[in-house]
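**Q** Sequence unavailable; structure follows:
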């Protein structure tokens, strides 16, 4: 019985190895059901493509990914996980996935699928006078096409807060939200609602 068990286990391992040896893909390497970390294998990177980009330079993204054609890589491994980690750390994407589109013997072909963060259409400010709004807009550097992310929203809040403090409004309520721009794909409008509250003189 023990010998039969060993033979069955050996057959499963050989079958798994054969399956990985020739895969026409695509396989999502971020999905544990697709690739098990318990059975990593070494491959030669035979190709890398990036899909989903609209504005960003793919050559720069490839450099960040550290995936180089011709190099050996263990799949899955910390190296494959770092592709996603390093790209997400740029704060440019809502999502990054690493796929194996094809595996032929020792050769593996990668596809990095990205979803870029939305771009800024404009920043609308409500609750201030026309002159105050114009002054803040000058300070915001709210250029169309900037990436809408946490840094943009925080810098917008900080700029408005600093301006109001200069005017002796020390405790304003500032609410910021983003709205989809129906006129442009993957663009957003940042809407800021400001309540100055009571002016406090020093």
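**A** Arrived safely. It should be emphasised that the depicted structure is a prediction, and the values quoted were computed from it without experimental measurement.

**Q** For the chain, just list every one of the helices.
**A** For the chain, applying DSSP state H gives helices covering 2-21, 58-65, 78-88, 130-140, 150-166.

**Q** Same list (those) but as TSV, adding mean neighbour count.
**A** (Each C-beta comes from the backbone N, C-alpha and C, glycine too.) Shown next, in TSV, are those (neighbours: other C-beta atoms under 10 Å):
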stretch	mean neighbour count
helix 2-21	10
helix 58-65	14
helix 78-88	16
helix 130-140	14
helix 150-166	15
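
**Q** could the ones you listed be laid out in a markdown table, adding mean pLDDT and distance to residue 101?
**A** Putting the helices of the chain into a markdown table (pLDDT from 0 to 100; distance: least, C-beta to C-beta, whole Å) gives the following:
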| stretch | mean pLDDT | distance to residue 101 |
| --- | --- | --- |
| helix 2-21 | 43 | 14 |
| helix 58-65 | 96 | 15 |
| helix 78-88 | 96 | 14 |
| helix 130-140 | 94 | 42 |
| helix 150-166 | 95 | 32 |
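
**Q** Could you dump the ones you listed into JSON lines and include distance to residue 189?
**A** JSON lines is the format used below for those (distance: least, C-beta to C-beta, whole Å):
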{"stretch": "helix 2-21", "distance to residue 189": "47"}
{"stretch": "helix 58-65", "distance to residue 189": "27"}
{"stretch": "helix 78-88", "distance to residue 189": "25"}
{"stretch": "helix 130-140", "distance to residue 189": "14"}
{"stretch": "helix 150-166", "distance to residue 189": "12"}
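
**Q** Got the domain ranges for this protein?
**A** Taking automatic domain parsing as the domain assignment, the ranges for the chain are 22-116, 119-195.

**Q** gap between the last one and the chain center?
**A** To tie it back to what came earlier, the one meant is domain 119-195. 23 Å (C-alpha atoms, centre = their mean, to the nearest Å).

**Q** Figure out which of the helices of the chain is closest to residue 195.
**A** For those, the distance to residue 195 is smallest for helix 150-166, at 10.2 Å, taking C-beta to C-beta.

**Q** Show which residues not belonging to that closest one make contact with it.
**A** Here helix 150-166 makes contact (C-beta atoms under 8 Å, 6 or more residues apart in numbering) with 91, 120, 123, 125, 132, 135-136, 139-140, 142, 146, 170, 172, 174, 176, 178, 190, 192, 194, 196.
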